[in-house]
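Novice: can't give you the sequence, but here's the structure:
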């Protein structure tokens, strides 16, 4: 029990790091990692070092940052690959058209779509008479209101009382209609001291009733409550959306349409002007991954510049990092990744956007690109043996003729092997 309590205490104190799919490995990969560690330590000398708290934090920081840098490079490789690249949809008229790539169609990339919106779909709206809100002119008694929709007819019974105001009656009738869920929304429109009951169909487009209506209203008596409230006064007739898709006239009962179940489009304005909708690579995913890559690269540079306690090891870490970026200096800067004098990377937003559009940036992180391979090799060395960047005193070198696995070096490193997974 005591051991469990100690474990739980330290587990709660450990920083929680979210794992990605690149942090999961097969048994064969873990065996290969262990063999690499053993093979590495066969050729390493015996040495003495001081594992102060600062040094331990420094080495663990190198390992974690190197893992994150490698993962961010892997995500970039995935996002720039034509096989796994995420897609998005865009339009040259975002004010007139709302577009989205449907979730189940990310693997489809239809050709550009030409769309012209001539008319928006509209619901039916009946706006009643504006009556004095505090007026009491409606006679007391039982009133019947008949509402007919597609294939259904409903009757509402409402009893008005003497002295009940127009607004109170409107509110009670609106509540009864809304609670019935018959496809009509009822609202009260108040203007100064007057109010009107407004009925709007939940569906847009032409209905199946006479003259394409979505609903019709009648009362039990010619000049009863329906007449007094003015519920039969239609102010907006239902209409279908009219648009031209790739020169073919189309109609829709809704302003939300889909193209082959691949692209969802919301018709916002009817301008009568042709616009374009295109499926393109999702560069926002690439730009997010670039931010992560820069962050973890610069974090490693920060660790390398902290020479307290390990001046020689820190300089070696900085050389390993900056050696790669200096070698690819021209390609990085042409792609919008700017190298500063102190070794950090910053980004030029304009150049970066331009290079992602023309494909220049994507070349940096192609699966078999030299830069991607150099980053992966460097981060593999750092995660495999971060002790390489700690200052130490050499005691003896291994026997080059008959060398054996060093049992002490793997012991030091194995404590960190599962650090991020605790």
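Specialist: Okay, I see it. Note that this is a predicted model, so its numbers are computed, not measured. Residues are numbered from 1 along each chain as shown.

Novice: go through stretch 147-159 and flag the buried ones.
Specialist: 147, 148, 149, 156 (16 or more other CB atoms under 10 Å). Just so you know, the C-beta spots here come from the backbone N, C-alpha and C atoms, and that holds for glycine as well.

Novice: and the one helix or strand the last one maps to, which strands flank it?
Specialist: When you say that, I think you mean residue 156. Using DSSP states H and E, residue 156 sits within strand 152-160. Sheet pairing of strand 152-160 (DSSP bridges) gives strand 141-149 (antiparallel).

Novice: what's the partner strand in contact with?
Specialist: 153-160, 173, 177, 182-184, 207, 209, 214-220, 224-226, 231 (CB atoms under 8 Å, 6 or more residues apart in numbering).

Novice: now the element after the strand holding residue 156, going C-ward?
Specialist: Heading C-terminal from strand 152-160 (DSSP H and E), you reach helix 166-180.

Novice: so that following helix versus strand 152-160, what angle?
Specialist: 150 degrees (axes from the mean of the first three to the mean of the last three CA atoms, to 10 degrees).

Novice: residue closest to the middle of the chain?
Specialist: residue 285 (8.8 Å; CA atoms, centre = their mean).

Novice: which residues does that one contact?
Specialist: Contacts of residue 285 (CB under 8 Å, 6+ apart): 79, 86.

Novice: element containing it, please.
Specialist: helix 283-305.

Novice: list of residues touching the strand holding residue 156?
Specialist: Here strand 152-160 has contacts from 138-148, 169, 172-173, 176-177, 180, 182, 225, using CB under 8 Å, 6+ apart.

Novice: just stretch 359-370 next, same as before
Specialist: 73, 76-77, 80-81, 286, 328, 331-332, 334-336, 352, 354-356, 371-372.

Novice: now do the strands in the stretch 251-400 of the chain.
Specialist: Applying DSSP state E, counting those that start in this stretch to the stretch 251-400 of the chain gives strands spanning 256-259, 263-267, 274-281, 337-339, 345-347, 393-396.

Novice: contacting residues around the longest one?
Specialist: What it means is strand 274-281. 85-93, 96-97, 99, 101, 108-110, 112-116, 244, 259, 262-263, 265.

Novice: in it, what's buried?
Specialist: Quick answer for strand 274-281 (16+ other CB under 10 Å): 275, 277, 278, 279, 281.

Novice: count of neighbours near residue 201?
Specialist: 22 (other CB atoms under 10 Å).

Novice: so where's this structure shaky on pLDDT?
Specialist: 1-25, 46, 82-85, 103-110, 367-368, 394-396, 399-400, 402-422 (pLDDT under 70).

Novice: show me what the longest helix along it is packed up against.
Specialist: Taking DSSP state H as the criterion, the chain has its longest helix at helix 53-80. Using 3 or more CB pairs under 8 Å, 6 or more residues apart in numbering; DSSP states H and E, the elements in contact with helix 53-80 are helix 283-305, helix 370-384, helix 408-417.

Novice: output those as TSV; include the columns distance to residue 340.
Specialist: Compiled in TSV, those are given as follows (distance: least, CB to CB, whole Å):
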stretch	distance to residue 340
helix 283-305	9
helix 370-384	18
helix 408-417	30
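
Novice: now for those helices, which one comes closest to residue 50?
Specialist: Shortest distance between residue 50 and the helices and strands packed on helix 53-80, using CB to CB, is found for helix 408-417: 12.1 Å.

Novice: hmm, back to that, ok, of the contacts of stretch 359-370, which come out buried?
Specialist: 73, 76-77, 80, 286, 328, 331-332, 335-336, 352, 355-356, 371-372.

Novice: for the lengthiest strand in the chain, give me every contacting residue.
Specialist: Counting by DSSP state E, the longest strand found in the chain is strand 194-204. Contacts with strand 194-204, where a contact means CB under 8 Å, 6+ apart, come from 121-133, 166-167, 170, 173-174, 177, 183-189, 207, 214-215, 217, 229-231, 238-239, 241, 253-255.

Novice: which members of the residues you listed occur in strands, if any?
Specialist: 123-127, 131-132, 184-189, 217, 241.

Novice: returning to that earlier point: so which of the helices and strands packed on helix 53-80 is nearest residue 37?
Specialist: helix 408-417 (5.6 Å).

Novice: who touches residue 384 in this structure?
Specialist: 33, 36, 37, 40.

Novice: okay, and the third one sits in which element?
Specialist: What that stands for is residue 37. Using DSSP H and E, residue 37 falls in helix 27-42.

Novice: give me the buried positions along that helix.
Specialist: Buried residues in helix 27-42 (16+ other CB under 10 Å): 37, 40, 41.

Novice: now do stretch 220-231
Specialist: 224, 225, 226, 228, 229, 231.

Novice: buried residues, the longest helix of the chain. List them.
Specialist: So helix 53-80, judged by 16+ other CB under 10 Å, has buried residues 55, 58-59, 61-80.

Novice: neighbours around residue 287, how many?
Specialist: 17.

Novice: and if you look at the one 4 residues further on?
Specialist: Neighbour count of residue 291, defined by other CB under 10 Å: 11.

Novice: next: residue 233.
Specialist: Residue 233, neighbours per other CB under 10 Å, totals 14.

Novice: that one touches residue 127, doesn't it?
Specialist: Yes: in this structure, residue 233 is within contact of residue 127 by CB atoms under 8 Å, at 6.2 Å.

Novice: now do the contacts for residue 65.
Specialist: Taking CB under 8 Å, 6+ apart as the test, what residue 65 contacts is 296, 299, 300, 303.
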